[in-house]
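A.B. asks: here's a sequence, model it:
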Amino acid sequence: MTQNFTFTIKSTCLDENYHPSDNTRITTNFANLARGEHRQQNLRNALNMIDTRFNELASWDNPTGDRYSVELEIISADIELDGKTIPSIEVLKTYIVDNKTNQRIEGIVGNNFSSYVRDYDFSVRLLDHNKDKPGFSVPTDFGDLHGNIFKYFVNSETYAQNFAKKPVICLSVSDSKVYSRTENEHPILGFEYEPNESSLTEQYFKKMGLQVRYFQPKNSVAPFAFYFFGDLLNDYTNLELISTISTMETFQKIYRPEIYFAHEVAGKQYQPNLRNSEHSLTDIVYDREERTQLAIKQGKYAEEVFIKPYQTILEQWSAQYA
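C.D. replies: Numbers count the residues shown, from 1 in each chain. All right, here's what the predicted structure looks like:
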């Protein structure tokens, strides 16, 4: 099985002219922006927000606040199995352009994370598992296959040939958890927070081999969840970290304005609130309800083209890989 299980990587420039391809997960943050009559303005506004935030955080030797700009690439990893190409994982890669020195500096891969199998796990399998049952529970092997596929990808020769460092994924905090600010402060990532308990997302990403730490960067109103391998604070440069913060804070302001565009800044004890009415909105059009429906649709697609047809092979491979 393993010898037939390979990845191919494609990259697409994410700029104001970006159009999602037919096999892009349309629930992906950036793809959702690039649809409809406002698509180009949405993308232009989002990219401008990223550049502005980057320069705000990278303020040294940057007196006019326009030294840097961020370029984004969509990285699509497809699984090659039995002669078929199956869309699998999509992440973002950042590049930092130093307009003073004309250098183009490699940033971080990861940032945004989307996956067809994760859609299947959360939007199909978990719902089916809990249908007509009292309370809420999770299957014992929940996330095992997805975690093994992700670790296999990150440790693959294909990944090593394309990316210099392991990925960092930046997500929003959970509205069901309480976060406490610690005394630990990083010059770029800001104050560290600790949750009162582990979330299902944390447990799911742990099966992908990822650790998590929570930080609230300077002038951010809420902490972010940073998922990573190795040592987040020492494995990446300041500019690399800023590229992730500026990119993902922009997306979260668009998609989670109740948390990340709130009028009140998170204090020592913080519980995110998705019903918070005291927040601003960006000028960027976004349909959250549509995105939820599309996640279910794409989870069912993963079930039909990948999970069901290759179930036995996948179970054997996953057990062997684990």
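
A.B. asks: the spatially most central residue of the chain is in what secondary structure piece?
C.D. replies: For the chain, the residue lying nearest the average C-alpha position, counting by C-alpha atoms, centre = their mean, turns out to be residue 112 (2.4 Å). Here residue 112, judged by DSSP states H and E, is contained in strand 103-115.

A.B. asks: what does the average pLDDT come to for the following helix or strand past that strand?
C.D. replies: Using DSSP H and E, the helix or strand that directly follows strand 103-115 along the chain is helix 116-120. Within the predicted structure, the mean pLDDT of helix 116-120 is 92.

A.B. asks: and for stretch 12-22?
C.D. replies: Looking at stretch 12-22 alone, the average pLDDT works out to 73.

A.B. asks: one more: stretch 243-255?
C.D. replies: Throughout stretch 243-255, pLDDT has a mean value of 93.

A.B. asks: quick one: residues in contact with stretch 253-271.
C.D. replies: 29, 33, 46, 49, 172-173, 175, 177-181, 193, 216, 220-223, 249, 252, 272-276, 278-282, 284, 286, 288 (C-beta atoms under 8 Å, 6 or more residues apart in numbering). Just so you know, the C-beta spots here come from the backbone N, C-alpha and C atoms, and that holds for glycine as well.

A.B. asks: in that stretch, what's buried?
C.D. replies: Applying a neighbour-count criterion of 16 or more other C-beta atoms under 10 Å, the buried positions in stretch 253-271 are 253, 254, 255, 256, 257, 258, 259, 260, 261, 262, 266, 270.

A.B. asks: what of stretch 137-150?
C.D. replies: Along stretch 137-150, these residues count as buried under the neighbour rule (16+ other C-beta under 10 Å): 142, 143, 144, 145, 146, 147, 148, 149, 150.

A.B. asks: what helices or strands is the strand or helix carrying residue 90 leaning on?
C.D. replies: Secondary structure here is read from DSSP H and E; on that basis residue 90 sits in strand 84-98. With contacts taken as 3 or more C-beta pairs under 8 Å, 6 or more residues apart in numbering; DSSP states H and E, strand 84-98 sits against strand 6-14, strand 68-81, strand 103-115, helix 116-120, helix 144-154, helix 238-255.

A.B. asks: after the lowest-mean-pLDDT helix or strand in the chain, next one along is what?
C.D. replies: Among the helices and strands of the chain, helix 29-33 carries the lowest confidence by mean pLDDT, DSSP states H and E, at a mean of 55. Next in sequence after helix 29-33, counting helices and strands by DSSP H and E, comes helix 39-57.

A.B. asks: that next one vs strand 68-81, what angle?
C.D. replies: Using axes from the mean of the first three to the mean of the last three C-alpha atoms, to 10 degrees, the inter-axis angle of helix 39-57 relative to strand 68-81 is 120 degrees.

A.B. asks: and helix 39-57, what does it pack onto?
C.D. replies: Using 3+ C-beta pairs under 8 Å, 6+ apart, helix 39-57 is in contact with helix 29-33, strand 68-81, helix 238-255.

A.B. asks: using CSV, write out every CA atom in that helix.
C.D. replies: Extracted C-alpha coordinates of helix 39-57, given in CSV (Å, rounded to 0.1, in the frame of the first residue of the first chain):
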residue,chain,number,x,y,z
ARG,A,39,-14.6,38.8,-5.5
GLN,A,40,-11.8,41.0,-6.7
GLN,A,41,-12.6,43.8,-4.2
ASN,A,42,-12.7,41.2,-1.4
LEU,A,43,-9.3,39.8,-2.3
ARG,A,44,-7.8,43.3,-2.7
ASN,A,45,-9.1,44.4,0.7
ALA,A,46,-7.9,41.2,2.4
LEU,A,47,-4.4,41.5,0.9
ASN,A,48,-4.1,45.2,1.9
MET,A,49,-5.1,44.3,5.4
ILE,A,50,-2.4,41.6,5.6
ASP,A,51,0.3,44.1,4.3
THR,A,52,-0.8,46.8,6.8
ARG,A,53,-0.8,44.4,9.8
PHE,A,54,2.6,43.0,8.7
ASN,A,55,4.2,46.4,8.6
GLU,A,56,2.7,47.3,12.0
LEU,A,57,4.3,44.3,13.6
